[in-house]
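Enquirer: What shape does this take:
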Amino acid sequence: MRRLALFMLVIALLLAVISPASVSAAVKAAPIPEKMPHRVAMALNSKYIQIDNKSIELGKKSHHELPDLFTNVLLIPVKPLADGFQGSYSLNAKTKKVQLVLDQVKFEFTLHSKEAKVNGQSVTMPYEVRLDSDIVKVPTQVFVDSLKRYDVLVFDQRAVVFREKGKVEVGQAQRI
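Expert: Just a heads-up that it's a prediction; the model follows:
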């Protein structure tokens, strides 16, 4: 009988330690990846994404993978952006929902909609999310005030630079 009471006490203590609240807190406090980039850049009419000092070619399969300009709004492909930030990306074609996680910020988009969610907060973008031959593209403005560790600089709707705060000089960030 004592063993049963002791066993029940141990189980109760374990359940108290591993409560849903502590699991939720552990998930929310996910560690930042060790090797986050200091700078990520994309430009209109460029077939490269720059991640720190490396250039990775976009558009190997088709021109649809390159950034586009629609009604004076720069749209960038989100899959290479997710790869550059070691983030995550998913597209559910059935529901037309896109999820993107960059720098611990969760973006939720709906194809062909200007409405999005950033960490659960609704935002309206200047242009709708586009799908060009299975390539999802979103307006750069949605990232400007959303990322914690990065300044997002949009240059005349022709280029975008994600610059780690305090790490890169503005003059360097402007070179794409």
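Enquirer: alpha carbons only for contacts and neighbour counts from here, please
Expert: Will do.
Enquirer: Pop the domain breakdown of the protein in here.
Expert: For the chain, automatic domain parsing gives the domain ranges 1-30, 39-173.
Enquirer: so which of those domains is the most packed in?
Expert: Of the domains of the chain, the one with the most neighbours on average (mean count of other Cα atoms under 10 Å) is domain 39-173, at a mean of 17.
Enquirer: pLDDT of that domain, averaged?
Expert: In this model, domain 39-173 carries a mean pLDDT of 86.
Enquirer: show me where this structure has helices.
Expert: Per DSSP state H, the chain carries helices over the ranges 2-17, 20-28, 78-84, 170-173.
Enquirer: Nearest residue to the middle of this structure?
Expert: Geometric centre of the chain, nearest residue: Leu102, 2.8 Å, by Cα atoms, centre = their mean.
Enquirer: What separation do you get for that one and Leu91?
Expert: Computed as Cα to Cα, to the nearest Å, the Leu102 to Leu91 distance reads 15 Å.
Enquirer: if we can go back for a sec, hang on, isn't the residue nearest to the centre of the chain packed against Ser88?
Expert: Yes - Leu102 lies in contact with Ser88 (Cα atoms under 8 Å); the separation is 7.1 Å.
Enquirer: Spit out the residues that contact these two alike.
Expert: Residues touching both Leu102 and Ser88 (Cα atoms under 8 Å, 6 or more residues apart in numbering) are Ala82.
Enquirer: partner residues bridging Lys54?
Expert: Ile51 (DSSP bridges).
Enquirer: how far away is it from Pro37?
Expert: Taking Cα to Cα as the measure, Lys54 falls 10 Å from Pro37.
Enquirer: re the thing from before, contact partners for the residue nearest to the centre of the chain?
Expert: Applying Cα under 8 Å, 6+ apart, we find Leu102 in contact with Ala82, Phe85, Gln86, Gly87, Ser88, Leu147.
Enquirer: Please tell me how far the last one sits from His64.
Expert: With distances defined as Cα to Cα, the gap from Leu147 to His64 amounts to 26 Å.
Enquirer: Not counting its neighbours along the chain, what's nearest Phe162?
Expert: Val152 (4.6 Å; Cα to Cα, 6 or more residues apart in numbering).
Enquirer: ok, that neighbour - contacts?
Expert: Contacts of Val152 by Cα under 8 Å, 6+ apart are Phe143, Val144, Asp145, Val160, Val161, Phe162, Arg163.
Enquirer: Make a markdown table from those residues and add distance to Lys117 to it.
Expert: Shown next, in a markdown table, are these (distance: Cα to Cα, whole Å):
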| residue | distance to Lys117 |
| --- | --- |
| Phe143 | 11 |
| Val144 | 14 |
| Asp145 | 13 |
| Val160 | 21 |
| Val161 | 22 |
| Phe162 | 20 |
| Arg163 | 22 |
